[in-house]
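Undergrad: below is the sequence, then the predicted model.
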Amino acid sequence: MRYLPGILVVQYVATLALGLLLRDLLAGPVDPEVLFGSRRLLSLLVAMPVLETVAIHMLVIEACATAGRGRSGALYVGAVLAAIVFFLLHVLAKSIFNGLVYGLTGGVAFSVMYVMARRDGRKAAFVATWLLHLSSNALLVLSIAYYGMLLGVT
């Protein structure tokens, strides 16, 4: 858990930088009104981080660790596979922009968090990764809200 703030800052800066560099891949302007609907916001901040942490990072990394009989190399292979799956799901669910900007940075950051926190056990790894995912999504939502207001969109 002690690595969460540092990983969050690095991921947030990387996400903003990639978003700026790849903005031409964005299909159109982001509509904050759609994003801030209560069901969508609740899903983005709570449900999806829990589901994705369990289904991607926990299951993939733990399956690789089990298959590798607990060797650290197997854990790292699992982390890389989980990051790839996370990236691909974001590409397939939304767009190449979403995959590169959110899926790539999130996949790597959450995998790193899971592996680092796993030293304290699987439960600690899950909680730390879920909190990082939730915090990351919250920062991005706040950024969209801020820039939406700044540009007069909201």
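TA: Structure's in. What do you need? Numbering: from 1, shown residues only.
Undergrad: helices or strands up against the biggest helix by length in the chain?
TA: When the chain is parsed with DSSP state H, its longest helix is helix 122-150. The elements that helix 122-150 packs onto, with contact taken as 3 or more C-beta pairs under 8 Å, 6 or more residues apart in numbering; DSSP states H and E, are helix 4-21, helix 32-35, helix 48-52, helix 105-117. Quick note: C-beta positions are derived from backbone N, CA and C, even for glycine.
Undergrad: which residue is nearest the middle of the protein?
TA: Taking C-alpha atoms, centre = their mean as the criterion, residue 106 is the residue nearest the geometric centre of the chain, at 3.1 Å.
Undergrad: so what's that one up against?
TA: Contacts for residue 106 (C-beta atoms under 8 Å, 6 or more residues apart in numbering) come out as 11, 15, 86, 90, 133, 136.
Undergrad: might one say that the last one is in contact with residue 14?
TA: No - in this structure residue 136 lies outside contact range of residue 14 using C-beta atoms under 8 Å: 10.6 Å.
Undergrad: so the two - more neighbours on which side?
TA: With neighbours defined as other C-beta atoms under 10 Å, residue 136 and residue 14 compare such that residue 136 has more, 22 against 16.
Undergrad: residue 44 versus that one, what's the distance?
TA: Taking C-beta to C-beta, to the nearest Å as the measure, residue 136 falls 11 Å from residue 44.
Undergrad: equivalent analysis for residue 105, please.
TA: Using C-beta to C-beta, we find residue 105 at a distance of 16 Å from residue 44.
Undergrad: count the neighbours of residue 131 for me.
TA: When neighbours are defined as other C-beta under 10 Å, residue 131 has 17 of them.
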